[in-house]
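only the shape, not the letters, is given here:
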């Protein structure tokens with residue numbers, strides 16, 4: 001499964017994402033200005049969204065990666 005980390009109308013909030021015990025997936029991240037490219041979005045199986053509050057809705061790629069990977073490992077009980 002290929003999952004993008006991007007804000008879309010159909011994205012799943014990160015805290016609502018449930019990783020299956022045997023599921024394998026790749027995470028696709030965009031940059032903090034343009035996000036995941038429009039050419040890639042239709043190829044994704046789903047998008048995950050990091051909840052953000054306020055008017056600025058972008059995070060540095062290293063921060064985004066850290067947040068998402070932490071959540072995946074948390075679900076794995078590491």
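Yep, that arrived. Since we're looking at a predicted model, the values are computed, not measured. Residues are numbered from 1 along each chain as shown.

where does the chain have low pLDDT?
Low-confidence segments of the chain, defined by pLDDT under 70: 78.

which parts of it are helices?
With DSSP state H as the criterion, the chain has helices at 61-75.

and the strands in it?
Counting by DSSP state E, the chain has strands at residues 2-5, 12-13, 26-29, 46-49.

what's stretch 51-69 in contact with?
With CB atoms under 8 Å, 6 or more residues apart in numbering as the test, stretch 51-69 has contacts from 5, 7, 13-15, 27, 29-33, 35, 48, 50. (Each C-beta comes from the backbone N, C-alpha and C, glycine too.)

tell me which residues of that stretch are tucked away?
64, 68 (16 or more other CB atoms under 10 Å).

how far does it sit from its chain's centre?
9 Å (CA atoms, centre = their mean, to the nearest Å).

can you give me the end-to-end span of it?
15 Å (CA to CA, to the nearest Å).
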